[in-house]
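> show me the folded form of this:
(2 chains)
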Amino acid sequence: MTQKIRTRFAPSPTGFLHIGGARTTLFNWLFARHHKGTFILRIEDTDEVRSTQDSVSAILESIRWMGMDWDEGPLDNDRDQGPYGPYFQMKRLELYQKYIKQLLQEGKAYPCYCSKEDLEAMRRLAQLEKRPPRYDGRCRNLTDKQKRDLEAQGKKASIRFRMPDEGVTVVPDMIRGDVSFENKLQQDFVIQKTTGGPTYNFACVVDDHHMEMSHVIRGDEHLSNTPSQLQLYRALGWEPPKFAHLSMILGPDGSKLSKRHGATSVLEYKNQGFLPEALRNYLALLGWSTTDSQQLFTPEELIARFDLEGCQKSPATFDPVKLTWMNGEYLRKLPVPELVRRASPFLEAAGLKPNGGPQLERAVALEHEKYKLLTEVPGLVDFFYKPLQFTPKAMDKVLRAPGVKQVLLDLAEALKDFAPFTDKALEECIRKFCAERGLKTGQVFHPLRAATTGRTEGPTLFLMLEVMGRDMVLSRLRETAARLN
RNA sequence: GGCGCGUUCGUCUAGCGGCCUAGGACAUCGCCCUCUCAAGGCGGAGAUCAUGGGUUCAAAUCCCAUACGCGCCA
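Below you'll find the model as predicted:
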């Protein structure tokens, strides 16, 4: 393949970037990067009613957050330039009109004056007669006079493409192989709406050709549209790109993943504390795999190993549990300062500031192997920064046990002047403390943890004490003992 | 309704005619480690390869039907 690789993601800005769109973007991006090609972003905003600027912004933000970049396409709503003209379809209307005109002149397309009501009636009749409900081609052969009369009546025309009556259209798909469609079962589809705007299928073809796409990688739901598009390429005398239709992403109930399955927007995952690299890694494995079933990939590995070969034909169910596991893997690999940086929006949201307490990095590091989500970070370190609060288990099961109060007071006494106040030394000291009193370590360790953190679960005890520092340890031991009356 | 696509452990998947008494990962269970919770290590359970027919000495792998699921068009 000596051809220059050019792929694209072409979202309609009618909402946020969802998981399915993110996966499509990722595959296009990976494919382009793998083959040292060009990745393009194009905004298909021909649905004037539902398209919004906010959606455009959200989509761009989502793609950027996931760590993907585009070589051509809009930088935001206003900065939209590139070697192929604007990347918003509504700014390319003239181009579409040019080819509509051409197809009209060549008789490959024709105006259709049928109203919504006409089409609705047609559909119902067909259904009654158990025929496939499709356009019957009644405007195919109108004479010029008929057209003039209809227009004189104020009828607005849409433009339809004349599909061949016979033969088959074969879609050569890089994932599924050749897929054939009978032309006579396809209908004369609309390429220009009565409003004058292009339809999806038409604008898509014109742009993919003009932007010199080499590969169109998109969701399976577009496979059925492809024969129509292929006929358009043919009618316009253009060489079509190569197609690859990705299997869909399903919700747990087996239907196409959608809002009712819970979080579907990429930005929601960001807010839930997922790392973009983890989401990317997980999404890559939804419909793609290597022969060795490798699970974790560095960004470089992903680009190096990704190709259409490993793409799956069957749909995949989105599994948040596995995504969460993977996120934990990535979190654990992050150097602590970086972890703190990534967690800082969540720490701030929880109102945690290191005033007085230990350094944030030291505190966060204690629980490094425990985080699965960035949102869990504040909850696991906040005992350092908030007034003591006891869980019922810590209070009732551990602290209220007989003799605990005295143990705490004795500990405070033993640690009052103990130095150095460090992990190893503290462990040695407290083990000796146990031995001297004939106490089992558990009888001391557990109350000590509960009294200083308010919890029965937490970081490794002695390092935690070191990080907490003598002052806070002593004051908490005394405070807790005092509460045990 | 028509057309299209799909079907391997609960989930993501490996597999492209003999290496499969079907491999890996998540989840799950047990054990070890251990100051708790995790992480980690080890091990277990879990798939009549949707069903039924062929083809072949040999099929998860090739062919044909059927079923189910999903998508597109309306």
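> which parts of the worst-scoring helix or strand of chain A on mean pLDDT are buried?
Using mean pLDDT, DSSP states H and E, helix A:116-128 stands out as the lowest-scoring helix or strand of chain A, at a mean of 81. By 16 or more other Cβ atoms under 10 Å, the buried positions in helix A:116-128 come out as A:L119, A:M122. Yep, even glycine has a C-beta here, placed from its N, CA and C like the rest.
> dump the residue contacts of the residue lying closest to A:R470 once chain neighbours are set aside.
Nearest residue to A:R470, sequence neighbours excluded (Cβ to Cβ, 6 or more residues apart in numbering): A:F421, at 4.9 Å. By Cβ atoms under 8 Å, 6 or more residues apart in numbering, the contact set of A:F421 is A:L415, A:L465, A:E466, A:G469, A:R470.
> which one of these is nearest to A:A350?
Closest approach between the contacts of A:F421 and A:A350, by Cβ to Cβ: A:G469, at 21.5 Å.
> what's the burial count for that closest one?
Counted with other Cβ atoms under 10 Å, the neighbours of A:G469 add up to 14.
> pLDDT score assigned to it?
A:G469 is assigned a pLDDT of 95 by the prediction.
> I figured it was touching A:Q359, is that so?
No - taking contacts as Cβ atoms under 8 Å, A:G469 lies outside contact range of A:Q359: 10.2 Å.
> ok, now how distant is A:I100 from A:R234?
Noted for A:I100: a distance of 16 Å to A:R234, by Cβ to Cβ, to the nearest Å.
> more crowded one of these two?
Of the pair A:I100 and A:R234, A:I100 is the one with more neighbours under other Cβ under 10 Å, namely 19 against 14.
> quick one: buried residues of the strand or helix carrying A:H446?
Following DSSP states H and E, one finds A:H446 within helix A:441-453. In terms of neighbour count (16+ other Cβ under 10 Å), helix A:441-453 has its buried residues at A:Q443, A:V444, A:F445, A:H446, A:P447, A:L448, A:R449, A:A450, A:A451, A:T452, A:T453.
> give me the distance between the nearest residue to the fifth one once chain neighbours are set aside and A:P83.
Setting aside the residues directly before and after it, A:P447 is nearest to A:V404 in space (Cβ to Cβ, 6+ apart), at 4.7 Å. Note on A:V404: its distance to A:P83, by Cβ to Cβ, is 75 Å.
> those two: who's more crowded?
Shown here are A:V404 and A:P83; by other Cβ under 10 Å, A:V404 has more neighbours (21 against 7).
> residue contacts, the residue of the stretch 51-200 of chain A found nearest RNA strand B?
Residue nearest to RNA strand B within the stretch 51-200 of chain A (Cβ to the nearest atom of the strand): A:P133, separated by 3.2 Å. Contacts for A:P133 (Cβ under 8 Å, 6+ apart) come out as A:M122, A:R123, A:A126, A:Q127.
> in a markdown table, list the residues you listed along with distance to RNA strand B.
Compiled in a markdown table, these are given as follows (distance: Cβ to the nearest atom of the strand, whole Å):
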| residue | distance to RNA strand B |
| --- | --- |
| A:M122 | 8 |
| A:R123 | 4 |
| A:A126 | 7 |
| A:Q127 | 7 |
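> ok, those residues vs A:D76, which is closest?
A:R123 (41.7 Å).
> and the closest one, how far from A:G137?
14 Å.
> helices or strands up against the helix or strand just after the helix holding A:H446?
Per DSSP H and E, the first helix or strand lying C-terminal to helix A:441-453 is helix A:461-468. Applying 3 or more Cβ pairs under 8 Å, 6 or more residues apart in numbering; DSSP states H and E, we find helix A:461-468 packed against helix A:360-366, helix A:423-437, helix A:441-453.
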